[in-house]
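1. could you look at this predicted model? Sequence included:
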Amino acid sequence: MRPASVGFHCPDDVAAGARTVRASRTTVGARIIQSPPYVTMALAALSIAGYLATGLQKPGTLRDPTGSARFVKWQLFPPKVHDGAYYQLLTSGFLHLSPLHIAANMVSLAFVGPFLETQLGRWRFLAVYLLATLGGGAAVYAFGFRLTATAGASGAIFGLLGIALVLVRKVGLDLQWLVGTLVLNFVITFSVPGISSWGHIGGFVTGVLAGVAVGGLPSSRDRVPTHLQVAGLGGVLALVIVVVAVRTATW
């Protein structure tokens, strides 16, 4: 028995009662949990690990890791993807070109990631992040310059902003703030030389599609069943694969 505010409680009865209480869930069906954003932390750790693994390998440096053999192998270089290195569509999203590059992306991830992980749940959040990484890479491969190599987590970050835009009302975000953030980021994308605009566009569009798959249309108030969410995310992945396959076939 355990002492309580009124009398005593039997631990077995308390446990049995807890099992009958339905866990609170978010608007997309994710169970509300009070724990650190482990997925966001893991993704940041992978990006930092990728930066160190390339920057500490000669002739790369932490100021410029692009010269290392690992960076050359893992970056997204369209001719290599065409020759079968499709893994670059994913690995390139965990590489960065400089201390400023990784710092900017990790700050952005820390800014938006924990909240979305809480609202989406861990598996949805991870799925959207990886899909946006692939979608950004697929857009670069399909529509970008053939001989331009790219790297960075920006496509995934834009994907998170895309799904946030679709779910803005359902998760309680401020629409003006979100639109302002998106406008600012796209202005930077198209005005600063050297930024992979197709990677950002592809990641954003993938995030929007993932948002519809998970939460339905912005005007919908009904929760999308979990099995349809899984099917919808699978459909987004299939679309990314089709884009890559068509580009390879028409190279």
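-> Cool, the structure landed.
2. show me where the stretch 1-150 of the chain has helices.
-> Secondary structure of the stretch 1-150 of the chain (DSSP state H, counting those that start in this stretch): helices at 11-20, 38-55, 69-74, 78-82, 88-91, 99-120, 122-143.
3. go through these and name the closest to T189.
-> Smallest distance to T189 across these (Cβ to Cβ): 11.6 Å, for helix 122-143. No exception for glycine: its C-beta is placed from N, CA and C like everyone else's.
4. buried set for the longest helix along the chain?
-> If you go by DSSP state H, the chain has its longest helix at helix 226-249. In terms of neighbour count (16 or more other Cβ atoms under 10 Å), helix 226-249 has its buried residues at Q229, G232, L233, V236, L237, L239, V240, V243, V244, R247.
5. could you do stretch 216-225 as well?
-> G216, R223, V224.
6. the second one contacts T26, doesn't it?
-> No. With contacts counted by Cβ atoms under 8 Å, R223 stays clear of T26, the gap being 9.3 Å.
7. ok, back up a step: got the buried residues of stretch 216-225 as CSV, with distance to F111, secondary structure and pLDDT columns?
-> Converted to CSV, the buried residues of stretch 216-225 look like this (distance: Cβ to Cβ, whole Å; DSSP: H, G, I helix; E, B strand; the rest coil; pLDDT from 0 to 100):
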residue, distance to F111, secondary structure, pLDDT
G216, 26, coil, 94
R223, 27, coil, 92
V224, 26, coil, 94
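8. so which of those comes closest to Q34?
-> R223 (21.6 Å).
9. distance check, that closest one against T250.
-> Distance, R223 to T250, using Cβ to Cβ, to the nearest Å: 40 Å.
10. and A238, by the same measure?
-> On the measure of Cβ to Cβ, A238 and T250 end up 18 Å apart.
11. got a list of what P59 touches?
-> G67, S68 (Cβ atoms under 8 Å, 6 or more residues apart in numbering).
12. need the pLDDT of it.
-> pLDDT, P59: 95.
13. check D12 too.
-> 63.
14. equivalent analysis for V208, please.
-> V208 is given a pLDDT of 98.
15. wait, what's in contact with it?
-> V208 neighbours (Cβ under 8 Å, 6+ apart): G162, I163, L165, V166.
16. neighbour-wise, which one of these leads?
-> I163 (32 neighbours; other Cβ atoms under 10 Å).
17. ok, the residue nearest to that one when sequence neighbours are not counted to Q57 distance?
-> Once flanking residues are discounted, I163 sits nearest to G211: 3.8 Å by Cβ to Cβ, 6 or more residues apart in numbering. Computed with Cβ to Cβ, the distance linking G211 and Q57 is 38 Å.
18. the two: which has the busier surroundings?
-> When G211 and Q57 are compared for neighbours, G211 comes out ahead with 27 against 15, by other Cβ under 10 Å.
19. can you verify that one is assigned to a helix?
-> Yes. Counting by DSSP: H, G, I helix; E, B strand; the rest coil, G211 is located in a helix.
20. tell me which of the helices of the stretch 1-150 of the chain sits nearest to L178.
-> helix 99-120 (9.5 Å).
21. what is the closest one packed up against?
-> The helices and strands touching helix 99-120, judged by 3 or more Cβ pairs under 8 Å, 6 or more residues apart in numbering; DSSP states H and E, are helix 38-55, helix 122-143, helix 154-166.
22. A103 is nearest to which of the ones you listed?
-> When those are ranked by proximity to A103 (Cβ to Cβ), helix 38-55 comes first, at 10.0 Å.
23. now do that closest one against helix 99-120, angle only.
-> 160 degrees (axes from the mean of the first three to the mean of the last three Cα atoms, to 10 degrees).
24. identify the residues contacting helix 38-55?
-> Residues contacting helix 38-55 (Cβ under 8 Å, 6+ apart): 60-66, 68, 70-71, 74, 91, 94-96, 102, 105-106, 109-110, 113-114, 117, 122, 125-126, 129, 153, 156.
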